[in-house]
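*Asks:* A structural model of the following input is requested.
(one chain, ligands or ions: 1)
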Amino acid sequence: MSNKMWGGRFSERPDEIMEEINVSIDVDRHLFAQDIAASKAHAAMLANQGIITASDAKNIGKGLDTILSEIGKGDFTFKRALEDIHMNVESRLSELIGPAAGRLHTARSRNDQVAIDFRLYVRDVLDETDAALAAFQAALVNRALEHAATVMPGFTHLQTAQPVTFGHHLLAYVEMAARDRGRFQDARKRLNESPLGAAALAGTSFPIDRHATAKALGFDRPMANSLDAVSDRDFVLETLSAASICAVHMSRLAEEIVIWTSPLVGMIRLSDKFTTGSSIMPQKRNPDAAELVRAKTGRVIGALNGLLIVMKGLPLAYQKDMQEDKQGAMEGFAALSLAIRAMTGMVRDLEPDEAKMKAAAGEGYSTATDLADWLVRTLKMPFRDAHHVTGRIVAKAAEGGVALHELPLKDMQAIEPKITKDVFGVLSVESSVKSRTSFGGTAPKNVMSQAKAWVKRLEKERKLG
Ligand code: ARG
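*Replies:* Below is the predicted model of the structure:
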């Protein structure tokens, strides 16, 4: 038998391989809730417009509810021969309510149907990601409050640069997550137009009300061009782009955790909850979760690349290539969601070794800039000269194998006679971070007020949300 949904002009069954390459139910079954919601809105609109009868619409609505609960309970048999979620639902609807089911597809095509289903799905992903990122931010902010004055080395080129506070370091990721959330929120605004009613590509001759279905499904308006409506996948690309940047942020923090937990560094410890052992080396505590977050980034970026490649050569309007938009995207979104949740857990869980951090912060002449700044401020030296003098003092300390604050005053004075013992006031790591009070700087006081501002902001959001 040929396909009963579109088999009118076919007399033969599709080849097995044809079925295999064409079938999408394994992936688009995840759109069942969205498919049913969109169909319910469509049927109600058709009845309101007098295109189908109120009683047909009522039966369609009831039948769709039954299917929703069947699928929810796992009582639904998805049939591969029916290709996709749209035809699986419609076929079951006709078993349940008979010929009225055939009226649901009036003024609609699978092209606008799949477009609206996937938009609804991605919109949910955007909302869930935003909530996950808010929780990630809250975890970071809490730890930043706790560690506003905990000193650690700040790095450039992964070489000790200047002391910073651990709270400041954590708040850097709060800012990144805020930009991520902004990108997801922007994507949501552009996504939130309804393609339903574009039909196959040209619109329809039926007097449908696209504004009504758009509103019923929470969209701001219907999309203005039917060709664009069925062929646009920008909303997936944009979400995956934002997701890729976000995944990169997760990966960077994951990488830092890997470095910090290495016994070579030993600045933080993860609890057993986020660590694994080795089957052969009993001493090992491996940061697997962080490593996997780092790796999952590849899936997200891969999904973006994959879809860009699918879309790049497609003429208007719908092309079957676009069926390949879902699997990679869904996997990419799932990978990001897991990455954010794992990072949130690790941030809550990690324990800095404050003594080690402080010792490391003082290594590598990390307060040399403070010495140069002191020369500028106290001796009114031009910064370039101060830089040179400091360089010589650092060389002298390195020669004797001592830290800057351990170098005798007379050794400094041999290089610059005007230096006084007051200089020792700026050479400790604590005084260094304390002095960095410029806006956005690492001073504990700044970190505290930034962290408190974030607490307020996140609280306000929660109340509004
Ligand atoms: N399964 C299809 C997809 O995901 C639905 C649209 C099919 N449209 C068509 N004209 N065959 O893209």
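
*Asks:* separation between Val122 and Asn48?
*Replies:* 27 Å (C-beta to C-beta, to the nearest Å). (Each C-beta comes from the backbone N, C-alpha and C, glycine too.)

*Asks:* Settle it for me: which of those two has more neighbours?
*Replies:* Using other C-beta atoms under 10 Å, the more surrounded residue of Val122 and Asn48 is Val122, with 24 against 15.

*Asks:* The more buried one: what's it in contact with?
*Replies:* Leu191, Phe235, Val236, Thr239, Ala329, Phe333 (C-beta atoms under 8 Å, 6 or more residues apart in numbering).

*Asks:* Quick check: residues of the chain near the ligand?
*Replies:* For the chain, the residues found near the ligand under the criterion C-beta under 6 Å from any ligand atom are Ser24, Asp28, Asp84, Arg110, Asn111, Val114, Tyr318, Lys320, Met322, Gln323.

*Asks:* which SS class is the fifth one?
*Replies:* This points to Asn111. helix (DSSP: H, G, I helix; E, B strand; the rest coil).

*Asks:* cool, the last one as well?
*Replies:* When the structure is split into helix, strand and coil by three-state DSSP, Gln323 lands in helix.

*Asks:* neighbours around the closest residue to it other than its chain neighbours, how many?
*Replies:* Counting by C-beta to C-beta, 6 or more residues apart in numbering, Ser24 is the residue found nearest to Gln323 once chain neighbours are left out, at 5.2 Å. Per other C-beta under 10 Å, the neighbour tally for Ser24 reads 20.

*Asks:* Who are the contact partners of Ser24?
*Replies:* Here Ser24 is in contact with Glu83, Asp84, Ile85, Gln323, Lys326 (C-beta under 8 Å, 6+ apart).

*Asks:* Which ones among those residues lie within helices?
*Replies:* Those of the contacts of Ser24 mapping onto helices are Ile85, Lys326, per DSSP state H.

*Asks:* Looking at the contacts of Ser24, which is nearest Ala100?
*Replies:* Ile85 (20.1 Å; C-beta to C-beta).

*Asks:* doesn't Ala33 make contact with that closest one?
*Replies:* No. Between Ile85 and Ala33 there is no contact under C-beta atoms under 8 Å: 10.1 Å.

*Asks:* ok, these two, which is more surrounded?
*Replies:* Ile85 (25 against 15).

*Asks:* The closest residue to the more buried one other than its chain neighbours and Met267: what is the separation?
*Replies:* What sits nearest to Ile85 in space, not counting adjacent residues and going by C-beta to C-beta, 6+ apart, is Asp28, at 4.3 Å. To Met267, Asp28 is 47 Å away according to C-beta to C-beta.

*Asks:* More neighbours: which of these two?
*Replies:* Neighbour count, other C-beta under 10 Å: between Asp28 and Met267, Asp28 has more, with 25 against 22.

*Asks:* Name the SS class of that one, please.
*Replies:* helix.

*Asks:* tell me the contacts of it?
*Replies:* Here Asp28 is in contact with Asp35, Asp84, Ile85, His86, Val114, Asp117, Lys326 (criterion: C-beta under 8 Å, 6+ apart).

*Asks:* Apply 7 Å and report the result again.
*Replies:* Taking C-beta atoms under 7 Å, 6 or more residues apart in numbering, we find Asp28 in contact with Asp84, Ile85, Lys326.

*Asks:* Excluding chain neighbours, give the residue nearest to the residue in the stretch 151-300 of the chain that the ligand sits nearest to in space.
*Replies:* Residue nearest to the ligand within the stretch 151-300 of the chain: Ala200 (7.2 Å; C-beta to the nearest ligand atom). Closest residue to Ala200 apart from its sequence neighbours, by C-beta to C-beta, 6+ apart: Ser109 at 4.0 Å.

*Asks:* wait, doesn't the one you found sit right on Ala202?
*Replies:* No. Ser109 lies out of contact with Ala202 (C-beta atoms under 7 Å); the separation is 9.8 Å.

*Asks:* ok, those two, which is more surrounded?
*Replies:* Neighbours of Ser109 and Ala202, each counted by other C-beta under 10 Å, are more numerous for Ser109; the result is 19 against 12.

*Asks:* could you pull out the helices for the stretch 51-200 of the chain?
*Replies:* 54-73, 85-97, 110-146, 166-191 (DSSP state H, counting those that start in this stretch).

*Asks:* Can you check the pLDDT for the residue nearest to Val293 when sequence neighbours are not counted?
*Replies:* Nearest in space to Val293, with sequence neighbours left out and distances taken as C-beta to C-beta, 6+ apart, is Ala254 at 4.0 Å. pLDDT, Ala254: 98.

*Asks:* same question, Asn3
*Replies:* 69.

*Asks:* Next: Asn142.
*Replies:* 98.

*Asks:* same deal with the one 4 residues further on?
*Replies:* Glu146 is assigned 98 on the pLDDT scale.

*Asks:* and if you look at the one 4 residues further on?
*Replies:* Per-residue confidence for Thr150 comes out at a pLDDT of 98.

*Asks:* Give me the distance between it and Leu458.
*Replies:* Following C-beta to C-beta, the distance that separates Thr150 from Leu458 is 21 Å.
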